[in-house]
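Asker: no FASTA, just this:
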């Protein structure tokens, strides 16, 4: 049976017994409930946190619950509003639907009626979130994620990811560009109890600081030039789910305190708004940068690094998991061959050697692009070496002590290896018995990232 998402539910009714009965009944089903008695308190709560469902009484003392509907929908764009009334009639039902109600519940109602209605809405929310996640995947136009690995280091990475997936801990995924950090983040979300809810992604380097702030936290109409309507932001869109922040090291310094507040206090404000909102979202961040070095250079807040790095997961580069190269290449070949209606069945021995011996600086992303190109250019039943990109020449062997090479070549090779094996520039400098500033200059000289 499909696991349906928990719904954050707002109950608006001026009768204390109705509020108490609904709260007990809905919380027994696992849904968090906020119950208020009037429209003013309802809007106050809706402006502070996100709700999936609002059960609104048609008569709220001297007020009409119908007047509350548009304001609730504006505050929570995804909310499903159900109108409750003891004055059931076709006219009020039609008017409620016209004003944005999802359904209509006449009083008196039974626990079974309420449970059935809530389940129907949970199914709708699950479908909406599934569609949003599928659209996110389609926008990337990449083959389905494949995390299978024969490499012990990668297997340990996946084991740790499985262990922490169902916790509420913030996760920082480290690894070179193209290693599959986004794929792993999506997998962690799917393995967690939040997996039935939305997975959203924001690439920090892809937007200007102003647009990034609006994309993350949302904005209200008129907050800046071009803000023609309210925008809830990704934090609100991922309520109850997971927000993945890619390349967190590029998050502008002025936005870092706002993110830190979300992580520590679960609170934020939209751009141009003074209302403090609650956030129920799990943050997974990823970086290919040395954040400790960024902290030293005052480009990244140390307290934010500590808060992000509750659980650290390191994805090894493809050159360090060579046993995965050919199996992954063959699976990509099958995917692209099926996609382009080719009858390719495998790789020649020469092509396998070329793929296995290449260092893959672009990691899995580069392998995927190379296989897509090879499938498009290939003919016959097998892909040969001639179909692979020219740059996939065998990697230049690293010089060893005693080889007939310069001391500079030996130094460059040794520095590259130590930097790859250590966690920070400072740690590498200690291993090399070298001043960090000197090591930094050597990195620049040899073009080491």
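Answerer: Received, thanks. Just so you know, these numbers come straight off a predicted model, no measurement behind them.

Asker: when you work out contacts or count neighbours from here on, use the C-alpha atoms and nothing else.
Answerer: Fine.

Asker: so for stretch 43-51, mean pLDDT?
Answerer: For stretch 43-51, mean pLDDT is 85.

Asker: which residues does it contact?
Answerer: Identification of contacts with stretch 43-51 by C-alpha atoms under 8 Å, 6 or more residues apart in numbering yields 7-10, 71-72, 75-76, 78-79, 236, 239, 275-279.

Asker: and the buried ones among those residues, selectable in ChimeraX?
Answerer: Buried members of the contacts of stretch 43-51, defined by 16 or more other C-alpha atoms under 10 Å, are picked up in ChimeraX with:
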select :7,8,9,10,71,72,75,76,78,79,236,239,277,278,279
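
Asker: in helices only, show me the contacts of stretch 43-51.
Answerer: If you go by DSSP state H, the contacts of stretch 43-51 have 71, 72, 75, 236 in helices.

Asker: ok, now how distant is the first one from residue 121?
Answerer: Distance from residue 71 to residue 121, counting by C-alpha to C-alpha, to the nearest Å: 20 Å.

Asker: give me the most central residue, this protein.
Answerer: Residue closest to the mean C-alpha point of the chain, counted by C-alpha atoms, centre = their mean, is residue 244 at 2.5 Å.

Asker: report all helices and strands that the helix or strand containing that one contacts.
Answerer: Per DSSP states H and E, residue 244 falls inside strand 242-246. Here strand 242-246 touches helix 181-191, strand 199-203, strand 282-287, going by 3 or more C-alpha pairs under 8 Å, 6 or more residues apart in numbering; DSSP states H and E.

Asker: could you say which of those is packed most deeply?
Answerer: Most buried of the helices and strands packed on strand 242-246, by mean neighbour count (mean count of other C-alpha atoms under 10 Å): strand 282-287, with a mean of 24.

Asker: which other helices and strands contact it?
Answerer: Using 3+ C-alpha pairs under 8 Å, 6+ apart: strand 282-287 touches strand 171-174, helix 181-191, strand 242-246.

Asker: check what pLDDT residue 200 gets.
Answerer: On pLDDT, residue 200 comes in at 92.

Asker: let the chain start at 35 from now.
Answerer: I'll keep to 35 as the first residue from here, and by that count the last item is residue 234.

Asker: that one contacts residue 272, doesn't it?
Answerer: Yes: applying C-alpha atoms under 8 Å, one finds residue 234 in contact with residue 272, separated by 6.1 Å.

Asker: so what's residue 61 closest to, chain neighbours aside?
Answerer: Nearest residue to residue 61, sequence neighbours excluded (C-alpha to C-alpha, 6 or more residues apart in numbering): residue 67, at 6.5 Å.

Asker: give the contact list for residue 227.
Answerer: Residues near residue 227 by C-alpha under 8 Å, 6+ apart: residue 200.

Asker: can you classify it as helix, strand or coil?
Answerer: At residue 227 the chain is in coil, as set by DSSP: H, G, I helix; E, B strand; the rest coil.
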